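Novice: Return a 3D structure for these sequence lines:
(one chain, ligands or ions: 1)
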Amino acid sequence: MAVISDFLQLDRPLSAFPTYAALILAFLLFIFLRFILAPEKFKGVPQPPLPSWIWGHMHKTHNTPAGEHYGQWINKYGPTIKINAPLFAGKLLVTADPAAIHHMFTTRCYDYTKSDLIRPFVERVVGRGLIWAEGDLHRLQRKQVVPAFSPEVVNRMEPAVSEVSHKTAAKLSSMVAEGESIIDMHDMMGKTTLDIFGLVALNHDFNCLEGGGADIRHQVKQQANDFITFSGFLAAAMLRAIPATARLPIKSISEQGSIRRVISPLARELIVRGKNEGEVSEFKGNDFMSTMLRNGEMTDENLIANVVTFIVAGYDSTSGSITWGLYALARNQEAQTKLREELLALGREPTVKDLTNMEQLPYFEAVCKETLRMYPVTDAERVAHEDDVIPLRFPIITPEGEQISAIPVKKGDTMIIPIICSNRLNAVWGDGDTWRPERWLGELPPKDQLVQGWANMLTFSEGPRSCIGFRLAILEMKVILATLIRRFVFSVPSDDFEVYGRYFATLIPVVKGQDSKGAYMPLKVTPYEE
Ligand code: HEM
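Specialist: Numbers count the residues shown, from 1 in each chain. Here you go, the predicted structure:
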């Protein structure tokens with residue numbers, strides 16, 4: 001009872017609220033009847049055994065390492081399955097099939113929008129910016145900001161990225177010199193990428209490495225840590241069953257707005273400064289802020305939402321990817337040594353040219369791709385806006401021997417696209433769950449079995465809504481990893497140390513046995529001596 005009372009932010013025990021108890025019962029009865037009366041969905045698509053009558057399949061996927069259960073089911077039943085949503089909220093189609101993904105993300109991108117669970121969540125967290133926008137509004141907003149992330153503009157960001165990376169290396173050196181040998185690299189990478197994004201996109205120095213931006217990073221981390229608890233799961237389950245629950249004073253839901261509340265005043269200040277100063281940075285007016293302001297077509301609400309959106313999307317996912325890269329290298333000392341040797345053999349700090357030329361640093365390229373394949377930091381969910389038929393590359397064979405090569409869907413049906421499973425499909429990659437950079441140096445799986453996103457993976461999605469910041473993310477990943485691996489050896493703090501991922505808006509690293517700490521990646525850092 002205390003849990004429910006806290007969940008609902010009640011200031012008296014739940015027993016004092018018979019009305020609340022009656023409401024909860026009515027709610028459960030309503031969704032149960034809706035479930036019983038619903039027509040059968042996704043006929044012929046295999047469904048794994050139901051782990052829980054009330055929570056459907058999703059408590060298992062929420063409460064365990066990212067991709068673990070979807071991965072097991074998909075490897076057993078094929079890339080397309082159906083599952084039960086919690087609280088009798090109907091069936092969901094889960095697919096990692098490349099043809100289905102291409103259809104929803106590219107061919108009919110605007111007919112498969114973010115679901116009624118995801119879109120209001122995005123609005124609460126970052127506002128009505130590019131990630132929230134759909135249809136014509138999305139086309140318009142995207143056209144306005146896309147020039148700020150062109151190859152030429154991103155390449156010009158390299159000196160700033162490099163400068164912050166060197167500051168991080170200096171900070172790590174001083175921490176180690178002061179006796180701190182085990183360092184939370186998730187926290188360090190968050191500070192590094194937020195500082196970079198401020199400088200290259202907003203002409204603003206968050207100065208996180210010296211203690212700045214702490215409120216933003218704290219809120220982002222707090223939201224992630226809250227989401228992976230049972231309360232976080234229950235809130236998502238209720239929202240999926242009845243989206244109007246968002247209006248109730250539920251703690252885990254109302255607190256999702258705290259990131260926006262913390263960043264908005266700064267966003268407003270930066271916009272006013274940008275409007276007054278005209279060109280706001282050394283990127284010849286091509287930076288994100290100048291580009292948005294120059295067009296003058298966005299309302300102030302859209303401008304603020306986009307500054308919040310880009311700050312959060314621009315630093316958290318990139319820092320997560322780099323953190324996972326350091327973890328993979330810490331677990332694979334041989335690979336780390338090989339990478340360091342390749343970087344040092346260059347005889348200088350790598351330049352943008354070195355980093356973008358795959359032949360110059362082939363192993364480094366393979367390490368980055370393999371990390372982004374194994375640890376994609378986001379997940380996706382779409383809802384059909386019209387009745388449609390989704391094609392499959394890997395047909396389903398029913399127990400009766402019938403082949404299903406396309407799945408009819410109805411307006412309102414929800415599809416879950418577990419990006420991590422698409423990237424790891426054993427049917428395509430063989431040993432998809434193993435981090436093995438060498439796979440990128442040999443022959444890749446046939447193209448028609450792969451998706452059409454960057455490097456034939458789904459990490460940055462594909463199509464008109466694919467990640468707009470992918471070039472900047474890859475540049476940051478390469479510059480930061482090159483700077484750190486040339487100077488330090490990263491290793492795991494103990495033999496039984498294990499980290500698994502949990503999804504919030506990004507893939508959070510959680511140390512096994514230290515789950516209550518939430519997002520955390522303590523690695524042993526030792527200066528490298530030749
Ligand atoms: C390694 C780091 C990153 C990864 C793995 C990543 C991944 C993704 C993915 C998968 C999507 C599509 C989500 C969906 O449609 O449901 C996306 C969209 C987006 N990303 Fe990234 N991202 C990264 C870094 C960045 C950076 C650095 C920025 C900012 C410059 C950024 C800004 C955005 C925005 C604004 C969208 C929405 C695009 C749209 O809907 O048109 N991301 N990202």
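Novice: neighbours of residue 222, just the number please.
Specialist: Using other CB atoms under 10 Å as the criterion, residue 222 is surrounded by 15 other residues. All C-beta atoms are positioned from the backbone trio N, CA, C, and that covers glycine.
Novice: and it, how far is that from residue 214?
Specialist: Computed with CB to CB, to the nearest Å, the distance linking residue 222 and residue 214 is 12 Å.
Novice: same thing with residue 490?
Specialist: 24 Å.
Novice: Could you check which of those two has the larger neighbour count?
Specialist: A side-by-side neighbour count of residue 490 and residue 214, using other CB under 10 Å, places residue 490 first with 22 against 11.
Novice: which phi and psi does the more buried one have?
Specialist: Reported as degrees, to the nearest 10, the phi and psi values for residue 490 are phi -110, psi 130.
Novice: Which pLDDT does the model give it?
Specialist: At residue 490 the predicted local confidence, pLDDT, stands at 98.
Novice: is it true that it touches residue 527?
Specialist: No. Residue 490 is not in contact with residue 527 according to CB atoms under 8 Å; the separation is 11.3 Å.
Novice: got the contact list for residue 152?
Specialist: residue 286 (CB atoms under 8 Å, 6 or more residues apart in numbering).
Novice: Okay, and it sits in which element?
Specialist: Secondary structure assignment for residue 152, by DSSP states H and E: helix 151-155.
Novice: buried residues in that helix?
Specialist: Neighbour-count burial for helix 151-155, counted by 16 or more other CB atoms under 10 Å, picks out 153-154.
Novice: residue contacts, whatever residue of the stretch 401-530 of the chain ends up closest to the ligand?
Specialist: Residue nearest to the ligand within the stretch 401-530 of the chain (CB to the nearest ligand atom): residue 469, separated by 2.3 Å. When the contact criterion is CB under 8 Å, 6+ apart, the partners of residue 469 are 149, 310, 313-314, 318.
Novice: The same query, at a cut-off of 7 Å, please.
Specialist: Applying CB atoms under 7 Å, 6 or more residues apart in numbering, we find residue 469 in contact with 149, 313-314.
Novice: Enumerate the residues of this protein near the ligand.
Specialist: By the criterion of CB under 6 Å from any ligand atom, the positions of the chain lying close to the ligand are 130-131, 142, 309-310, 313-314, 317-318, 321, 376-378, 380, 459-461, 465, 467-469, 472-473.
Novice: So which of those residues sit within strands?
Specialist: Among the residues of the chain next to the ligand, the members falling in strands are residue 380 (criterion: DSSP state E).
Novice: Would you mind listing which of the residues of the chain next to the ligand are buried?
Specialist: By the neighbour-count criterion of 16+ other CB under 10 Å, the residues of the chain next to the ligand include these buried positions: 130-131, 309-310, 313-314, 317-318, 321, 376-378, 380, 459-461, 465, 467-469, 472-473.
Novice: Let me see the ranges of the strands in the protein.
Specialist: Chain-ordered strands for the chain, with DSSP E as the definition, fall at 80-84, 91-95, 112-114, 182-184, 380-384, 388-397, 403-409, 414-417, 488-491, 499-503, 507-511, 522-527.
Novice: Nearest to residue 349 among the ones you listed would be which one?
Specialist: Using CB to CB as the criterion, the shortest distance between residue 349 and the strands of the chain is 14.7 Å, found for strand 488-491.
Novice: If you count contacts, what does that closest one end up packed against?
Specialist: Counting contacts by 3 or more CB pairs under 7 Å, 6 or more residues apart in numbering; DSSP states H and E, strand 488-491 is packed against helix 300-331, strand 522-527.
Novice: Of those, which stretch is the most buried?
Specialist: Sort the helices and strands packed on strand 488-491 by mean neighbour count, taking mean count of other CB atoms under 10 Å, and helix 300-331 sits at the top with a mean of 24.
Novice: so how far is that helix from its chain's centroid?
Specialist: For helix 300-331, the separation from the chain centroid amounts to 8 Å (computed by CA atoms, centre = their mean, to the nearest Å).
Novice: average pLDDT for it?
Specialist: Averaging the model's pLDDT scores along helix 300-331 yields 95.
Novice: Report the inter-axis angle for it versus strand 507-511.
Specialist: Taking axes from the mean of the first three to the mean of the last three CA atoms, to 10 degrees, helix 300-331 and strand 507-511 form an angle of 40 degrees between their directions.
Novice: how big is the angle separating helix 300-331 from strand 499-503?
Specialist: Comparing the axes of helix 300-331 and strand 499-503 via the same axes, to 10 degrees yields an angle of 160 degrees.
Novice: Check what pLDDT residue 119 gets.
Specialist: 93.
Novice: you'd agree it is up against residue 132?
Specialist: Yes. If you go by CB atoms under 7 Å, residue 119 and residue 132 touch, sitting 6.2 Å apart.
Novice: These two: which has the busier surroundings?
Specialist: For residue 119 versus residue 132, neighbours defined as other CB under 10 Å are more numerous around residue 132 (24 against 19).
Novice: Leaving out sequence neighbours, find the closest residue to that one.
Specialist: The shortest distance from residue 132 to any residue that is not its chain neighbour, by CB to CB, 6 or more residues apart in numbering, is 4.7 Å, and that residue is residue 122.
Novice: Tell me who's in contact with that neighbour.
Specialist: Applying CB under 7 Å, 6+ apart, the residues contacting residue 122 are 114, 131-132.
Novice: how close does it sit to residue 156?
Specialist: 30 Å.
Novice: One more: residue 192?
Specialist: Separation of residue 192 from residue 156 (CB to CB) stands at 19 Å.
Novice: the more surrounded of the two?
Specialist: When residue 192 is set against residue 156 and neighbours are counted by other CB under 10 Å, the residue ahead is residue 192, at 28 against 17.
Novice: quick one, what contacts the residue nearest to that one when sequence neighbours are not counted?
Specialist: Closest residue to residue 192 in three dimensions, ignoring its sequence neighbours and counting by CB to CB, 6+ apart: residue 168, at 4.6 Å. Neighbouring residues of residue 168 by CB under 7 Å, 6+ apart: 188, 192, 209.
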